[in-house]
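1. Structure for the following, please:
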Amino acid sequence: MAVANSRIEWTESTWSPVTGCEKVSPGCDNCYAEGIARRFAGSKAFPNGFGVTLRPERLDQPLRWKRPRRIFVNSMSDLFHDAVPDEYIVQVFARMWWSPRHTFQILTKRHGRMHSLLPRIEEHLRAMADDLTLVDAPTPLTWPLPNVHLGVSVENQKWADIRIPTLLDTPAAVRWISAEPLLGLVKLDPAWLAPPIACPRTAATLGGNSESTAAFAQLARAVARRLTSESTEPVPGFLDWCVAGGESGPGARPMHPDWARSLRDQCVQSGIPFYFKQNGEWIRRRDAETWEDPWTSPRVRWVAPDGSVHEHGAYAGEGRSQGWVQVQRVGKKAAGRELDGRTWDQFPA
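-> All right, here's what the predicted structure looks like:
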């Protein structure tokens, strides 16, 4: 399955040389890919339902796409699932190597396998590069591949603490996190962020309200990397991009708006490009076009900062003082993509 014009906001196309997966953490509970696969189970597209299935006939699809684009790899699976053979993952990386005009976005919840497998992938690609020098190599091999962005899913603090350190110890040109669905507050450890560089002329504009400010912050972080190492290779330890958003689809859980605000503010302060994908199915009740009765409507809830969800307004008095927010289910389209009155569409340079 390949989609040349993806509806996923932060990418342009999807490429799925593997389909099917298994749930490993709370972010998987309402997996959209599983819903699609179950609906079309037994069809040509999903003969094994949501079982892990290799699709070798799709490996060369990016080679045929001439226009440069951002490509989300395996939107219907996890490339580093245990059921995907090492040799097959090497073949996926080879196609990304041979397609330097594209930017490939890989997202995984299997951070451990990704980390352990990357050195072996490099070894195989270097051997392949030596063989190709005898003929016409598609493009010289640079490692890590400069057009491959490695990311991990981070739905709450627990999984941020588990997955992000492993990601930052994995060789990659760009390292990113996807906090979607965002199910709790996530605090980014200072050790995961590049040290900022002070500049009096830009200090007043580092609030992140302009794209030029974001570009300067990225440049400052790139310089900081070089200052911390004699090597020209990317230094493990820094995040390059953050995507965040609420959950959508059947069974979607509401997101407390303060969780998204916190990630945004941390990214702005650290110069990390921030992309807010969506509010999800739910929005603060006061922002909904039509208010529903909180006592009778099944579409009204109270969300606490700790992630707990409560049904009735009887909790309102005590809850408000503790940071609870009343939300109403209005659907993904009506909830929109704005966070505090603006959209956030920043990408890594």
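2. Please enumerate the strands of the stretch 1-150 of the chain.
-> Counting by DSSP state E, counting those that start in this stretch, the stretch 1-150 of the chain has strands at residues 2-3, 13-15, 18-19, 53-54, 70-73, 103-108, 148-153.
3. Pro294 is nearest to which of those?
-> Distance to Pro294, taken as CB to CB, is lowest for strand 148-153 among the strands of the stretch 1-150 of the chain, at 32.2 Å. Just so you know, the C-beta spots here come from the backbone N, C-alpha and C atoms, and that holds for glycine as well.
4. Quick one: mean pLDDT over the closest one.
-> The average pLDDT within strand 148-153 is 98.
5. again with stretch 159-166
-> Rounded mean pLDDT across stretch 159-166 is 98.
6. start at 4 instead
-> Okay, using 4 as the starting number, the last item reads as stretch 162-169.
7. Please identify the buried residues of that stretch?
-> 162-163, 166-169 (16 or more other CB atoms under 10 Å).
8. okay if I get the residues you listed as CSV plus secondary structure and distance to Gly283?
-> Formatted as CSV, those follow (DSSP: H, G, I helix; E, B strand; the rest coil; distance: CB to CB, whole Å):
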residue, secondary structure, distance to Gly283
Trp162, helix, 18
Ala163, helix, 19
Arg166, helix, 21
Ile167, helix, 22
Pro168, helix, 27
Thr169, helix, 27
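9. List just the nearest of those residues to Leu128.
-> Of the buried residues of stretch 162-169, the one sitting nearest to Leu128 (CB to CB) turns out to be Thr169, at 21.2 Å.
10. my guess is that closest one meets Gly115, correct?
-> Yes. Using CB atoms under 8 Å, Thr169 is in contact with Gly115, at 6.4 Å.
11. for the strands of the stretch 4-153 of the chain, which one sits closest to Asp134?
-> strand 151-156 (21.0 Å).
12. and that closest one, what does it pack onto?
-> The elements that strand 151-156 packs onto, with contact taken as 3 or more CB pairs under 8 Å, 6 or more residues apart in numbering; DSSP states H and E, are strand 106-111, helix 160-171, strand 177-182, strand 244-248.
13. 7 Å instead, please
-> strand 106-111, helix 160-171, strand 177-182 (3 or more CB pairs under 7 Å, 6 or more residues apart in numbering; DSSP states H and E).
14. and these as JSON lines, adding distance to Ser80?
-> Converted to JSON lines, those look like this (distance: least, CB to CB, whole Å):
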{"stretch": "strand 106-111", "distance to Ser80": "10"}
{"stretch": "helix 160-171", "distance to Ser80": "18"}
{"stretch": "strand 177-182", "distance to Ser80": "15"}
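15. if I look at the residue nearest to Pro59 when sequence neighbours are not counted, how far off is Val55?
-> Among residues not flanking Pro59 along the chain, Pro20 sits closest, at 7.3 Å (CB to CB, 6 or more residues apart in numbering). Applying CB to CB, to the nearest Å, the value for Pro20 to Val55 is 12 Å.
16. Between the two, which has more neighbouring residues?
-> Pro20 (26 against 16; other CB atoms under 10 Å).
17. contacting residues around that one?
-> If you count contacts by CB atoms under 7 Å, 6 or more residues apart in numbering, Pro20 has them with 58, 61-62, 77, 95.
18. and of the helices and strands packed on strand 151-156, who's closest to Leu120?
-> strand 106-111 (10.5 Å).
19. where do the strands sit along the stretch 154-303 of the chain?
-> Going by DSSP E, counting those that start in this stretch, the stretch 154-303 of the chain shows strands at 177-182, 244-248, 277-281, 285-287, 303-306.
20. mind putting those in CSV, mean neighbour count included?
-> Listed next are these as CSV, based on neighbours: other CB atoms under 10 Å:
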stretch, mean neighbour count
strand 177-182, 24
strand 244-248, 25
strand 277-281, 24
strand 285-287, 23
strand 303-306, 22
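21. Out of those, flag the one nearest Arg42.
-> Comparing those by CB to CB, strand 277-281 comes nearest, at 21.7 Å.
22. Okay, angle between the closest one and strand 244-248 too, please.
-> 20 degrees (axes from the mean of the first three to the mean of the last three CA atoms, to 10 degrees).
23. mean confidence score for strand 277-281?
-> pLDDT averaged over strand 277-281 gives 98.
24. what residue ranges in the stretch 54-203 of the chain score low on pLDDT?
-> For the stretch 54-203 of the chain, the stretches with pLDDT under 70 are 135-140, 198-203.
25. show me where it has helices.
-> Here the stretch 54-203 of the chain has its helices, by DSSP state H, counting those that start in this stretch, at 64-67, 89-100, 114-135, 160-171, 203-206.
26. dump the residue contacts of the residue most central in space within the chain.
-> By CA atoms, centre = their mean, the chain has its centre lying nearest to Ser181, at 2.7 Å. Under the criterion of CB under 7 Å, 6+ apart, the neighbours of Ser181 are 110, 154, 156-157, 246.
27. If we use 8 Å, what do you get?
-> 110, 154-157, 246-247 (CB atoms under 8 Å, 6 or more residues apart in numbering).
28. Who wins on neighbours among those residues?
-> Val157 (30 neighbours).
29. distance of that one from Ser181?
-> If you go by CB to CB, the gap between Val157 and Ser181 works out to 7 Å.
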